[in-house]
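J.: Sharing a model that was predicted from the sequence below.
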Amino acid sequence: MYVARVLYPVEVLGPGKRVGIWFCGCPRRCKGCSNPELWEFQERYKTTPETIFEMVKAVSKEHTIDGFTITGGDPFYQADDLIELLDLLKEISDDIIVYTGYNREKIKPDDLKNISVLIDGEYIEELNDNSLLKGSSNQEVYILDDTKSDKYRTYFNTESNKVQNFFTSDGVVSVGIHRPNF
């Protein structure tokens, strides 16, 4: 599998202090994509679900992890590895948000079992209306885990889009839903 970033604490892509995981690989190449550097697989980002899990587990020993947000690239472009990683991550938190450009109907129902919230649909820059958690208004937010409904309803009623910057060895990574032409 190819994962370019694992960041903590991400506080702008879901409720609480989350681990953000950015997969590489996306065939869509959407105009205005906030992560075009993740379209291609790069050997330096090759890893395994177990390695990512061990990294996250080390963080969880000293910090509270309220959930995970998995994005990219497109995580479902590496569906088998994503599913394996989700099985591992749920041991730490079962609050898992996954972004994908695929429409929900194209994803096997069994592949959704460990996902609390799915945000689907391609990013369309002209439809970026600064919606919470959605890059563009054509995307849908599905709360798949009924036990999380109240938590996410509250989140959607009390939060607004924000951007968070992380300083890494590669420079600054700006996280969040950005306005058009960012």
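T.: Cool, got the structure. Numbers count the residues shown, from 1 in each chain.

J.: The least confident helix or strand in the chain by mean pLDDT pairs with which strands?
T.: Least confident helix or strand of the chain, by mean pLDDT, DSSP states H and E, is strand 171-176 with a mean of 89. Paired with strand 171-176 in the same sheet, following DSSP bridges, are strand 163-168 (antiparallel).

J.: avg pLDDT for the strand it pairs with?
T.: In this model, strand 163-168 carries a mean pLDDT of 91.

J.: Dump that strand to PDB, restricted to CA.
T.: Taking Å, rounded to 0.1, in the frame of the first residue of the first chain, the C-alpha atoms of strand 163-168 are listed here in PDB:
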ATOM      1  CA  VAL A 163      -7.700  24.900   8.000                       C
ATOM      2  CA  GLN A 164      -4.900  23.500  10.100                       C
ATOM      3  CA  ASN A 165      -1.200  23.600   9.200                       C
ATOM      4  CA  PHE A 166       1.300  20.900  10.000                       C
ATOM      5  CA  PHE A 167       5.000  21.500   9.700                       C
ATOM      6  CA  THR A 168       6.800  18.400   8.300                       C
END
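
J.: contacts for the least confident helix or strand of the chain?
T.: Under the contact criterion Cβ atoms under 8 Å, 6 or more residues apart in numbering, strand 171-176 has outside partners 5, 7, 10, 12-13, 20, 34, 161-167, 182. C-beta: built from backbone N, CA, C; applies to glycine.
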